[in-house]
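Asker: Sequence and computational prediction follow.
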Amino acid sequence: MAHKSTSEQVNQEELDRQLKRSVMIKKGFGPLIYPDEKLLKKAHEIAADTERSNRSKTSVSENDVRRFKDTHLRSRQMVGHKPNAEIKRVQCGFLLVEDPLDDVASRKVLKDWPIVTTLNLRGHTELVQRHVRDAQTKTSKIILKGMKRLVEHSGGIGAWKQASDDQIRDLLICLFDEFPLTISKLVFWYEDEAVAMERIWRCSFDEGKWQSLFRTKFIDLAQSTWEHRIKTKKSGHAVQLDDSTGLKLSEVYNIPSRPHRSHGKENWDSFTAEFGAWYRKE
């Protein structure tokens, strides 16, 4: 059997994903309705353009992935004028595979940095943990805003209370698979500083496990936000989850990485800054 080119592989993956979505939407979600794109026309147009633009950037070298161990982790020995920013970028990769970070994980983030000594370890640990809290706050605020809007446009809170967990999960899966890159970059804001999200959603190398990781994390966080912050109207952050995908912390070394340790917000042109500005304004 002939080997498929990268672009053919990406197109086939997209067709398979959309076919699965179509079947689920036709089946329905019980009392819930799939949001009409006309209700959020501008957001739909921007997100759809973002996804198309990203998929169009496939190349024959797409499977030659830069890994976290070869980029960000090497920065430990190449600290520039802003070491705290370098540490933060490393920590953003660890956030993806284990959340929240405990003391043991914090020590792994700080391992092998020449600037970290026994005298200043406590201060650096507090810095890492503050980044974790900031990341959790950002993710919680974004997903709460998005879930409130989704509930409003998919049947209302009454319909959501009638829906089963499986029906809610199916709706969330369909929504995520329509705009996976857009949602990943919005929800996992801090992780985007270090992780090559565009690459992940162009080609499902590593048997698609990174796509599965983002999908699972989003679905679980969205469901917990509905249960604990909208349905029962409790205050505070969304429930932080254990490593529900079975990945181990050591997996951080193989995360698809941005090639030049660039700050994620410098990559917003590929995401479309217009959408981020629109989302926060709404």
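Answerer: All right, it came through fine. Residues are numbered from 1 along each chain as shown.
Asker: Against residue 67, how distant is residue 197?
Answerer: 15 Å (C-beta to C-beta, to the nearest Å). C-beta here means a position set from N, CA and C on the backbone, and glycine is covered the same way.
Asker: So those two - more neighbours on which side?
Answerer: residue 197 (26 against 15; other C-beta atoms under 10 Å).
Asker: so what's that one up against?
Answerer: 181, 184, 185, 188, 191, 214 (C-beta atoms under 8 Å, 6 or more residues apart in numbering).
Asker: and the gap between the residue nearest to the first one when sequence neighbours are not counted and residue 221?
Answerer: When you say that, I think you mean residue 181. The shortest distance from residue 181 to any residue other than its chain neighbours is 4.2 Å, reached at residue 201 (C-beta to C-beta, 6 or more residues apart in numbering). Distance, residue 201 to residue 221, by C-beta to C-beta: 18 Å.
Asker: And the contacts of residue 197, which of them are buried?
Answerer: 181, 184, 185, 188, 191, 214 (16 or more other C-beta atoms under 10 Å).
Asker: Identify the farthest-apart pair in these.
Answerer: 181 and 191 (13.0 Å; C-beta to C-beta).
Asker: For the spatially most central residue of the chain, grab phi and psi.
Answerer: Central residue of the chain (C-alpha atoms, centre = their mean): residue 184, 3.3 Å from the mean position. Torsion angles at residue 184 (phi, psi; degrees, to the nearest 10) stand at phi -60, psi -40.
Asker: doesn't residue 211 make contact with it?
Answerer: No - Residue 184 lies out of contact with residue 211 (C-beta atoms under 8 Å); the separation is 9.1 Å.
Asker: Which residues are in contact with each of those two?
Answerer: 200, 201.
Asker: any idea how far residue 138 is from the residue lying closest to residue 165 once chain neighbours are set aside?
Answerer: Excluding its sequence neighbours, the residue lying closest to residue 165 (C-beta to C-beta, 6+ apart) is residue 223, at 7.2 Å. Using C-beta to C-beta, residue 223 is found at 19 Å from residue 138.
Asker: quick one: residue 47 is in a helix?
Answerer: Yes - assessed by DSSP: H, G, I helix; E, B strand; the rest coil, residue 47 belongs to a helix.
Asker: before we move on, the earlier item: among the buried ones among the contacts of residue 197, which ones are in helices?
Answerer: Using DSSP state H, the members of the buried ones among the contacts of residue 197 that fall within helices are 181, 184, 185, 214.
Asker: wait, which of the residues you listed is closest to residue 154?
Answerer: residue 184 (20.5 Å).
Asker: mind listing what that closest one touches?
Answerer: Contacts of residue 184 by C-beta under 8 Å, 6+ apart are 192, 197, 200, 201, 214, 218.
Asker: Next one, pLDDT for the fifth one please.
Answerer: Per-residue confidence at residue 214 stands at 93 (pLDDT).
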